[in-house]
Structures are given as C-alpha cells and as structure tokens.
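1. Here is a sequence with its predicted model. Questions after.
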Amino acid sequence: MVLVGSMLAGQGRGGNGPISVTQPVSGGVYTEALVGLPQRLNPLLDHANPVDRDIDRLIFSGLTTFDASGKPVPDLANWIIGEDQQTYTFLLKPNLRWHDGEPLTAEDAAFTLRLLQDPAYPGPADVGRLWQAVIVQVVNPQTLVLTLPEPFAPFLDYTAVGLLPAHLLKDVPAAQLAQANFNLKPVGSGPFRFDRWLQSSGGELQGVLLSAATSTSGPKPLLTQVRFNFYPDATTAMAAYEQGEVLGLSRLDEAQLTQALQRPELNLYTTLRPEYSLIFLNQRNDELPFFKEKKVRQALLLGLNRAAMVNDTLRGQAVVASSPVLPGSWAYNPDVPVAAYDPQAAASLLDSAGWVFPSDATLGTDRYIRQKEGVPLSFTLTTTNDPLHAALAQSAQSTWAKLGIQAEVVLLDAASLRGQALEPRQFQALLVDFNLAGTPDPDPYPFWHETQAESGQNYGGFTDRRTSELLEQARITSDITQRALLYRDFQSRFVDQVPALVLYYPVYNYAVDKSVGGVQLGPLTTLSDRFNNLSGWFLQTRTVVVEESASTETPAGSATPTP
C-alpha cells in the first residue's frame, strides 16, 4: 500500500568506454503548498495547528526522534535507562549549536522541560501533568538525568519534543510563552533555520522561507532552501501547482487527487494516516445486555461489509482495519486476521447465542428483529452529521438489518457528539475517528485498559482482565522486543474479544513534482513525518564517470525508480 519513489538513476553504456552515473548535488529551493496559516512557530505550542507542526519539524530538534516504525532513536542525544526503569540519562552529542551559533547544552533541554512542568504552561494539560511528575537534573553541560516516579515505557515518546534556547527565552514566563516574539522569528537546532516571512506588496502573509542550517545533528540537507506557501484550501493549492508556484502538495482532497492522477509530471506517494475509525459499543449500559456478549460483538463485526465501505463510500481511500495498533508500527501484529464480511457466520453466532427471530418471522427479511428473553437486538448508532460518516452509519444499518439487527442512525454535529455522547458515555453505539497523530508510541492502555472505562478513553467500557494485564506489563517493560510480544498478544486478544468494531485506516496522499528526487514516504506517526528523509531530497544532479569497463552491468551503487 505504501508507494515509495526514488528519482536517483544510473546511466550506463555497454562495451568498452566510460560508465557514468547521475549523482545528486547540493542546491535548489523546494516549495510546498500548505493549507492554512501559521499561528506561532514553537514546538511546545504547535499541537493544534498542522501548518505550525510542518514548519517546526524542520526548524527544531529534540533529545530523541523516531524511525519509520515508531521506535525511538537519538536526535540530539543518546540515552541510558537505569536498572530501576525510572532513570533516563541523556548524553548530548558534542558541539551542538543553535542556529544563531550559541552552544546547545543540557541547560537548554532542562529549560524546555521546566516550561512543560510549569502549571501555567499553555499547551496540552496531559503533557504538563506527565512532566510535572518528572525530576529534571543537569549533571554537566552534556548530561541530563530525568527520573520518573514509576516505570513508564512510553516515556521516550515525550522526549522528542523540540528544544527551545534558554538564552533567548529565559526571561519569558510559561504563561506568556504564546505571546513571545520568539514565535515569529524562531531559533532552533534542526536541519533548516528560519530565514524570513514572505509577504505580498500589500503586506499579506504568503509564506515562509527556511534555509539549510550550517550545523545540524543529522545529515546535512541537499536542498539549499525550503519554502512553504500558504493557501486557503486544497483547490487553490492545486491551482498554484498548475501555475508553477509550488512543487509539492501537502493535502489532496478527492477532487485534487483525481487531478493529480491525470498529471504524469506529478508523483503521488501514498501511505496510511496515523488514525483509524471504529464503532464503540457501550458495554456499561445494562439496557443493552447484548453488547456484553462476545458472540454478539463478533457477529456485529462479521455483519459489517467494511470492504464495501472502503470501496464505495471512501472511494478506495482507506484499508480495512485489523487492529487498534497501526500497521507500520514496531508493535503491529501482521498475523492478526482481518475479519471478512460473512453474514452467514454472523447469523450462526447470533443463533448460538440465543438471539433468534420471533416464531412468526420470515427468515431472510429485514422486517423482523432478533430477540432474546423479550429483549430486541436493537440500538441507536450515533455519528457526526457530515455526509461521509452518515453514509458509513447507513451502510452498517443496512447490512445489520439483513441479519435481524435494528440500528437507528442518530446524527449530531461534532461538538455535540463529543460533549453530549462520547465524553459522558451517553450513547449506545458510536461511530468515531481516532486520530493518533503525534503519539509514535503505540501504547493502547488509555483506550482499552479496564481502569479507563469510567473516566478515561475506554469509551465503550470494555473490561477484560487478561487484556488489562498485557497492557500493564507492556507499560513497565522498557525492552522493546518484549513490549512488541506483549502487544502482539494484546492484538490477538482484541480480535477474539472484539471490544469495539474497528473499521478502517484512512489513506494519506502526498504529491511532489517529478523534478524532486529522493522523496520517500513510509509509515506516519504525524503527517509532518513526510519530511523524515528530507535531507536526501534533491533538485540538482551531476553526471560523473565512475570507472572504465567493458562490462554491460549497471554500475554499483546506482538505483532505478520504484513504480
């Protein structure tokens, strides 16, 4: 499903004579269209604005970062985890510098983390609470020690936050961080530095220009500059590409995807978004005894034609889901089966569980509702009132009706769905999207552990001791291999128990002009991950002679485009 493209190609000649190869060289400006406007360029404050996150991704760097599978890897620092699983010692790489030339030390890291710890920190409250429990200690300019109150394996996820320079922000209280002038002219330590804002002759903000940093902890970019242009919507962004204003499109809606597929000069890269859609079944409502029965939950899943949802309603822009852990993650279990649409198996499960048609019902019709001990197999299915989710709910309603299951579709606006149904658990069945962007660690504890059923994010109220045990063990095991085994067992248990009906993983499409080489798109933990290998992108090449040979073989080290 993931399309990976490379524009690096070798050019050889048969017979005697020189063999040449095309190599990328430094130079060129890559311009990408972003939909929306920036608010403040500060990695501690960019959680709500994708435009800010995209720009910050290139300007700032953290103690850690993540590889394509979501595993933590060093960015500015290496680390050692103590035997107690609570002490993390970070050793900063030597000679680190901010974009203004000042040294970057452990004091800067501690300064950033203490902003997160401040009760007045204006960012996400859950992030602040986590850091408030951590002891931050600077041992020397290169060494930082973080001590947790108890083992917490996903902790490294939180150390990837971009660091801020203490020498520029030390006099800014956390409560005033959002108003700091720094957010308009940021200084970071990432592969690109802030250059300037781009404005029209009338003073309207049009974009931002970033230049390759002279000093970076990672590979030096081949691109000289990256320019982001801002547009109000995807349609305007596509028009900008057609007019030659940009080389990349960060967002393609359905109309733009159709246009992109018709343009041979535009390479399309496709992967899964870091999210999935599902139907919660309220298992804490005593008026819905059937949701507490495993066979009924299994039958509800088998009675959903998820492939038709993907092909017809979503026009192929999704993949039927198998697990609440995203494919591509180091924790994903590829051996977990995908339940296919099987109405006969669903009917057999319902029959064996005692949910049968009334004696005067005509089998095969949708005018009769199964029942058990006088309780009808009937419930409401609530979702948002946009056309997509309404169509998905109606598809579920239709296929379930053929099995003798009655689902009444209830449509609410997004705010009402969250405030009146999801959060207070005032629903029977609920179709929602789960966005996992920004959380590379796959820890499913908040969504499926029994302690989260009342006030956490286990909205369906699922309780299963074995599931909870697996999630507990994985949370205190820092060995990633052992954690992966525990999460594989969790996913097998999930498929058996069916705590909720996982529907699909949506697709992300990214379009870049064929003149840009080296672009690759792997699994995403946030859409900004499309820049993971930006250091290898290039716009300029040169042809060099690598050897004299009579061989007709392709020169070693050359590559060909992947279709």
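-> Right, received. Where do you want to start? Residues are numbered from 1 along each chain as shown.
2. what kind of secondary structure is Gly328 in?
-> coil (DSSP: H, G, I helix; E, B strand; the rest coil).
3. so how far is Tyr505 from the nearest residue to it once chain neighbours are set aside?
-> Nearest residue to Gly328 in three dimensions, chain neighbours excluded: Pro523, at 2.7 Å (Cβ to Cβ, 6 or more residues apart in numbering). The way it works is simple: take the backbone N, C-alpha and C, and place the C-beta from them, glycine included. Counting by Cβ to Cβ, to the nearest Å, the separation of Pro523 from Tyr505 is 11 Å.
4. between those two, which one's more packed in?
-> Tyr505 (24 against 21; other Cβ atoms under 10 Å).
5. Name the residues linked to the more buried one by a beta bridge.
-> According to DSSP bridges, the partner residues bridging Tyr505 are Val319.
6. Make sure it is actually in contact with Leu278.
-> No - with contacts counted by Cβ atoms under 8 Å, Tyr505 stays clear of Leu278, the gap being 10.6 Å.
7. tell me the contacts of Ile59?
-> 41, 99, 162, 186, 188, 190, 192-194, 210 (Cβ atoms under 8 Å, 6 or more residues apart in numbering).
8. which among those gets closest to Leu169?
-> Nearest to Leu169, judged by Cβ to Cβ, of these is Pro186 at 10.2 Å.
9. State whether the closest one is indeed within a strand.
-> No - with three-state DSSP as the criterion, Pro186 is located in coil rather than a strand.
10. Can you report how many residues neighbour it?
-> What Pro186 shows, counting by other Cβ under 10 Å, is a neighbour count of 24.
11. which residue packs closest to it, ignoring adjacent ones?
-> Nearest in space to Pro186, with sequence neighbours left out and distances taken as Cβ to Cβ, 6+ apart, is Leu41 at 4.3 Å.
12. does the one you found count as helix, strand or coil?
-> From three-state DSSP, the assignment for Leu41 is coil.
13. In this structure it contacts Val51, no?
-> No - taking contact to mean Cβ under 8 Å, the distance of 9.6 Å between Leu41 and Val51 leaves them out of contact.
14. what's across from Phe66 in the sheet?
-> Beta-bridge pairing of Phe66 under DSSP bridges involves Pro72.
15. Can you give the domain ranges for the protein?
-> 61-187, 275-507 (automatic domain parsing).
16. How many residues are close by the closest residue to Ser211 other than its chain neighbours?
-> The spatially closest residue to Ser211, leaving aside those adjacent along the chain, is Asp195, at 4.6 Å (Cβ to Cβ, 6+ apart). Under the neighbour criterion other Cβ under 10 Å, Asp195 is assigned a count of 15.
17. same thing with the one 5 residues further on?
-> For Ser200, the tally of surrounding residues (other Cβ under 10 Å) stands at 9.
18. From Thr31, how far off is the residue nearest to it when sequence neighbours are not counted?
-> By the measure of Cβ to Cβ, 6+ apart, the closest residue to Ser200 outside its immediate chain neighbours is Gln206, 5.6 Å from it. Summarising the geometry, the distance separating Gln206 from Thr31, computed by Cβ to Cβ, is 11 Å.
19. Which one's more surrounded, those two?
-> Counting neighbours by other Cβ under 10 Å for Gln206 and for Thr31 shows that Thr31 has the greater number, 20 against 14.
20. Can you show me the helices along the stretch 251-400 of the chain?
-> Shown for the stretch 251-400 of the chain, the helices assigned by DSSP state H, counting those that start in this stretch span residues 254-261, 294-302, 306-308, 343-352, 387-401.
21. Buried deepest among these, which one?
-> Neighbour counts (mean count of other Cβ atoms under 10 Å) averaged over each of the helices of the stretch 251-400 of the chain peak at helix 294-302, with a mean of 23.
22. so what does it touch, helix or strand wise?
-> In this structure, helix 294-302 makes packing contacts with strand 275-281, helix 343-352, helix 480-497, strand 500-513, judged by 3 or more Cβ pairs under 8 Å, 6 or more residues apart in numbering; DSSP states H and E.
23. by how many degrees do that helix and helix 480-497 diverge?
-> Counting by axes from the mean of the first three to the mean of the last three Cα atoms, to 10 degrees, helix 294-302 lies at 100 degrees to helix 480-497.
24. Just to check, Pro173 is in contact with Pro119?
-> No - between Pro173 and Pro119 no contact is recorded; they are 11.1 Å apart, counting by Cβ under 8 Å.
25. re earlier: between Pro523 and Tyr505, which contacts overlap?
-> 272, 326-327.
26. Turn the residues you listed into a markdown table, including pLDDT.
-> As requested, those are arranged in a markdown table below (pLDDT from 0 to 100):
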| residue | pLDDT |
| --- | --- |
| Leu272 | 95 |
| Leu326 | 95 |
| Pro327 | 95 |
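27. any idea which of those is closest to Phe494?
-> Comparing those against Phe494 with Cβ to Cβ places Leu326 closest, at 13.4 Å.
28. Quick check on that closest one: phi, psi?
-> phi -70, psi 140 (degrees, to the nearest 10).
29. And it, how close does it get to Ile279?
-> Using Cβ to Cβ, which is the criterion applied here, Leu326 is 18 Å from Ile279.
30. just Asp443 next, same as before
-> In this structure, Asp443 and Ile279 are separated by 22 Å, where distance is defined by Cβ to Cβ.
31. And Tyr368, by the same measure?
-> In this view, Tyr368 and Ile279 are 23 Å apart by Cβ to Cβ.
32. Repeat that for Trp448.
-> Spatial separation of Trp448 from Ile279 under the definition Cβ to Cβ is 15 Å.
33. quick one, strands of the stretch 401-550 of the chain?
-> 406-412, 429-435, 500-513, 540-548 (DSSP state E, counting those that start in this stretch).
34. what's the closest of the ones you listed to Gln473?
-> strand 500-513 (21.9 Å).
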